[in-house]
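Participant: Here you go, sequence then predicted model.
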Amino acid sequence: MAATPLLELSGINKGFGPVQVLHDVSLSVYPGEVTALVGDNGAGKSTMVKCISGIYQIDSGTVTFEGNQVAIHTPSDASTLGIEVVYQDLALCDNLDVVQNMFLGREKKRGIVLDEPTMEQMAGDALASLSVRTLKSLRQLVASLSGGQRQTVAIAKAVLWNSKVVILDEPTAALGVAQTAQVLELVRRLADNGLGVVLISHNMNDVFAVSDRIAALYLGRMAAQVKTTDVTHSQVVELITAGRSGNLGLPPEKPAAELGGDVVDITPGGEK
Ligand SMILES: Nc1ncnc2c1ncn2[C@@H]1O[C@H](COP(=O)(O)OP(=O)(O)OP(=O)(O)O)[C@@H](O)[C@H]1O
């Protein structure tokens with residue numbers, strides 16, 4: 001596993017008027033790894049993702065990408081860096097086919113006409129690189145795809161555009177068992193291809209099936225970022241519901257900031 005984070009957030013604060021949503025939040029996303037971002041409803045996951053993707057601007061804190069401090073003011077800043085968010089509602093167009101969706105807004109042209117053969121080839125290559133074999137045709141309308149296939153297309157789009165960090169917002173929320181397994185395999189392959197993957201999920205089975213690290217937000221504070229192999233289901237549930245887990249086996253006198261990379265903050269109420 002890589003030691004240097006691809007994306008690192010440090011001391012991020014974000015509020016809306018009098019409402020402080022994110023408090024001094026830090027997060028490290030490593031290439032080749034899946035980092036699960038967990039937290040109860042309202043913990044601040046979406047706000048954090050919107051800060052990373054340039055929809056919101058942070059009030060304070062630093063964002064480092066590939067070792068350089070960056071300022072992400074707009075979604076286009078984020079995509080220029082190589083940060084892509086795949087939202088649960090997917091933003092795919094039902095009336096367009098797979099290729100058209102994957103190139104939407106970034107179509108390849110030869111002169112004044114669309115370069116269909118090149119787009120089809122590139123779309124096919126992106127899907128093949130993820131070992132996706134479930135689509136009958138690249139010219140199938142997205143309306144005719146299953147939920148899992150739609151997720152696949154949305155995720156492959158991120159690969160097509162050479163994203164380095166892909167954030168997946170609840171990619172299995174609307175899927176059945178078999179499709180969930182397929183999408184989780186795809187999530188794993190994204191990381192195996194060297195991308196840094198952030199998986200937002202409420203599903204502990206998914207989190208434990210696919211993640212290398214777990215970052216738990218509690219009431220807008222990062223309660224812990226731990227290696228998945230170092231924690232149990234119930235410890236993660238405690239982090240989500242109480243912001244701490246007394247069973248994590250770390251000395252309680254050690255503040256999170258002093259623990260370095262894999263921090264676990266088990267002081268009451270999280271770091272201040
Ligand atoms: N634009 C806004 N103005 C004021 N408060 C906001 C705004 N956006 C989010 N919040 C508040 O910030 C907190 C965190 O919300 P956020 O949507 O980030 O949580 P979440 O962890 O993504 O939750 P969920 O799992 O339900 O999607 C909530 O209390 C929410 O009400």
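Facilitator: Structure received.
Participant: Spit out the contact partners of residue 23.
Facilitator: 13, 220-221 (CB atoms under 8 Å, 6 or more residues apart in numbering). Any C-beta I mention is one placed from the backbone N, CA and C, and that applies to glycine too.
Participant: filter those residues to the buried ones?
Facilitator: 13, 220-221 (16 or more other CB atoms under 10 Å).
Participant: From those residues, which land in strands?
Facilitator: 13, 221 (DSSP state E).
Participant: Quick check: of the buried ones among the contacts of residue 23, which lies closest to residue 88?
Facilitator: residue 220 (21.1 Å; CB to CB).
Participant: Quick check: closest non-adjacent residue to that closest one.
Facilitator: residue 44 (4.3 Å; CB to CB, 6 or more residues apart in numbering).
Participant: Quick check: what element follows the host helix or strand of residue 126 along the chain?
Facilitator: Per DSSP states H and E: residue 126 is located in helix 116-129. Counting by DSSP H and E, the next helix or strand C-terminal to helix 116-129 is helix 147-160.
Participant: buried set for that next one?
Facilitator: 147-160.
Participant: sorry, back to before: quick one: contacts of the helix holding residue 126?
Facilitator: Residues contacting helix 116-129 (CB under 8 Å, 6+ apart): 98-99, 102-103, 107-108, 110, 135, 138-139, 152, 156-157, 159-160, 193.
Participant: Please tell me how far residue 106 sits from the ligand.
Facilitator: Per CB to the nearest ligand atom, to the nearest Å, residue 106 is found 28 Å from the ligand.
Participant: now the angle between helix 147-160 and the longest helix along the chain, please.
Facilitator: Ranked by residue count, the top helix of the chain under DSSP state H comes out as helix 177-192. Per axes from the mean of the first three to the mean of the last three CA atoms, to 10 degrees, the angle that helix 177-192 makes with helix 147-160 is 10 degrees.
Participant: Need phi/psi at residue 63.
Facilitator: phi -120, psi 130 (degrees, to the nearest 10).
Participant: nope, residue 235 is what I meant
Facilitator: Per degrees, to the nearest 10, the backbone of residue 235 is at phi -70, psi -40.
Participant: Show the low-confidence segments of the stretch 51-200 of the chain, by residue range.
Facilitator: Scanning the stretch 51-200 of the chain for pLDDT under 70 picks out 89-90.
Participant: hmm, 80 instead?
Facilitator: For the stretch 51-200 of the chain, the stretches flagged by pLDDT under 80 are 88-91, 129-134, 174.
Participant: from it, which residue is nearest to the ligand?
Facilitator: The ligand sits closest to residue 200 of the stretch 51-200 of the chain, with a gap of 7.5 Å, by CB to the nearest ligand atom.
Participant: what is that residue paired to in the beta sheet?
Facilitator: The partner list for residue 200 in beta bridges (DSSP bridges) reads residue 37, residue 169.
Participant: Enumerate every residue touching it.
Facilitator: Contacts of residue 200 (CB under 8 Å, 6+ apart): 36-38, 45-46, 49, 167-170.
Participant: any idea how far it is from residue 210?
Facilitator: Per CB to CB, to the nearest Å, residue 200 is found 12 Å from residue 210.
Participant: where do the contact lists of the two overlap?
Facilitator: In contact with both residue 200 and residue 210: residue 36, using CB under 8 Å, 6+ apart.
Participant: Who are the contact partners of the nearest residue to residue 22 once chain neighbours are set aside?
Facilitator: Excluding the flanking residues, the one nearest residue 22 by CB to CB, 6+ apart is residue 14, at 4.2 Å. Counting by CB under 8 Å, 6+ apart, residue 14 makes contact with 20-22, 47-48, 51, 56, 58-59.
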